[in-house]
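S.K.: prediction below, plus the sequence it came from.
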Amino acid sequence: MKIIPLSEGSFTVDATKRFVPFDQGRDRMEERPRGSLLVEIQPFALVTSRDILLLDSGLGFPGAGGELQIHKNLQDQGIRPGDVTRVLVSHLHQDHAGGLGMKDPRSGMKIPSFPNALYYINRQELDYGISRDGKSYHAEDFRFLTGGDRLVLLEGSGEIGKGIHYELTGGHCPYHQVFLVEDGGTRAFFGGDVAPQASQMKNRFMANYDYEPKKSMELRQEFVQRGRDGDWTFLYYHDIRTPAAKLPPL
Ligand SMILES: [Zn+2]
């Protein structure tokens, strides 16, 4: 399996939940609104023997040429949007779901950014995201999928095709899910925002941005255990410095 991180860069986000690009070399944190958090955004493509998978979809911001940044980042790796076979979605917060769709230049309607892919979303997360349209969720990012034939609604935990496992976790948001992809001797674990950064897997801590902070912490500890036992490669969505890594030995 080939693991391809698709970094969209760094952003600050404040109480308004708007993501504003942040250049680590040039911009200064002191100049951003008080209480701003620095967030790195990084979807992944996984090329397996059967599929080209996309793990979450980034912010959906345009790149320098006006096209979706996720399209540009994939094309730089020789992957066309139409090549993606499945889009696996951990949850629908705007920084994960923004690139799922794009405006059709002709009709102005929102259409899937990956026209040949099936989109895998937890059923309750979809309903929850639509009902919570506002700050963290932008329903326009994903509502368009409900009218089409590209959407596969997942419930609980199970397997999608051979070697692609999904697991409902909650924690970060009520219906957050994670994915484990097994292919060619590699086990890649995408923990979404339950396991967003390498540093978070080392220490016990609770994050107040989580819906259930204690549960998220316990999930991380569970995944550390299972990841060590199963020799998982962790994929970190909010960690550009350490995109993909196995856990250090004890
Ligand atoms: Zn996130």
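M.R.: Arrived safely, thanks for sending.
S.K.: can we go C-alpha only for contacts and neighbour counts from here?
M.R.: Noted.
S.K.: so which elements touch the host helix or strand of residue 153?
M.R.: Secondary structure assigned from DSSP states H and E places residue 153 in strand 151-154. Other helices and strands packing on strand 151-154, by 3 or more C-alpha pairs under 8 Å, 6 or more residues apart in numbering; DSSP states H and E, are strand 118-122.
S.K.: who are the packing partners of the strand it packs on?
M.R.: strand 86-88, strand 151-154.
S.K.: dump those strands into CSV; add distance to residue 65 as well.
M.R.: CSV is the format used below for the helices and strands packed on strand 118-122 (distance: least, C-alpha to C-alpha, whole Å):
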stretch, distance to residue 65
strand 86-88, 24
strand 151-154, 29
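S.K.: among those, which is the most enclosed?
M.R.: Of these, the one with the most neighbours on average (mean count of other C-alpha atoms under 10 Å) is strand 86-88, at a mean of 23.
S.K.: tell me how far residue 54 lies from residue 17.
M.R.: Per C-alpha to C-alpha, to the nearest Å, residue 54 is found 24 Å from residue 17.
S.K.: neighbour count for these two, which is higher?
M.R.: residue 54 (24 against 16; other C-alpha atoms under 10 Å).
S.K.: sheet partners, orientation included, of the strand ranked longest in the chain?
M.R.: The strand that spans the most residues within the chain, counting by DSSP state E, is strand 177-183. Looking at strand 177-183 with DSSP bridges, its partner strands are strand 164-168 (antiparallel), strand 186-190 (antiparallel).
S.K.: ok, which of the ones you listed comes nearest residue 218?
M.R.: Proximity to residue 218 (C-alpha to C-alpha) singles out strand 164-168 among the strands paired with strand 177-183, at 14.3 Å.
S.K.: in that closest one, what counts as buried?
M.R.: Residues 164-168 are the ones in strand 164-168 that count as buried (16 or more other C-alpha atoms under 10 Å).
S.K.: and of the helices and strands packed on strand 118-122, who's closest to residue 201?
M.R.: strand 86-88 (22.2 Å).
S.K.: using PDB, write out every CA atom in the very next helix or strand once past that closest one.
M.R.: Later in the chain than strand 86-88, the nearest helix or strand by DSSP H and E is helix 94-97. Extracted in PDB, the C-alpha atoms of helix 94-97 (Å, rounded to 0.1, in the frame of the first residue of the first chain):
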ATOM      1  CA  GLN A  94     -15.900  21.500   8.100                       C
ATOM      2  CA  ASP A  95     -12.200  20.800   8.100                       C
ATOM      3  CA  HIS A  96     -12.800  17.200   7.200                       C
ATOM      4  CA  ALA A  97     -15.800  17.500   4.900                       C
END
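S.K.: what residues sit buried inside the next helix-or-strand element following helix 94-97?
M.R.: Following helix 94-97 in sequence order, the next helix or strand is strand 101-103 (DSSP H and E). Neighbour-count burial for strand 101-103 flags 101-102 (criterion: 16+ other C-alpha under 10 Å).
S.K.: quick one, what contacts the nearest residue to residue 178 once chain neighbours are set aside?
M.R.: Closest residue to residue 178 apart from its sequence neighbours, by C-alpha to C-alpha, 6 or more residues apart in numbering: residue 191 at 4.8 Å. By C-alpha atoms under 8 Å, 6 or more residues apart in numbering, the residues touching residue 191 are 90, 177-179, 234-236.
S.K.: buried among those residues? Need that as a selection in ChimeraX.
M.R.: In ChimeraX, a selection of the buried entries from these looks like this (16+ other C-alpha under 10 Å):
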select :90,177,178,179,234,235,236
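S.K.: following element in sequence after the longest helix anywhere in the chain, please.
M.R.: In the chain, with assignment by DSSP state H, the single longest helix is helix 213-230. Moving toward the C-terminus from helix 213-230, the next helix or strand (DSSP H and E) is strand 233-235.
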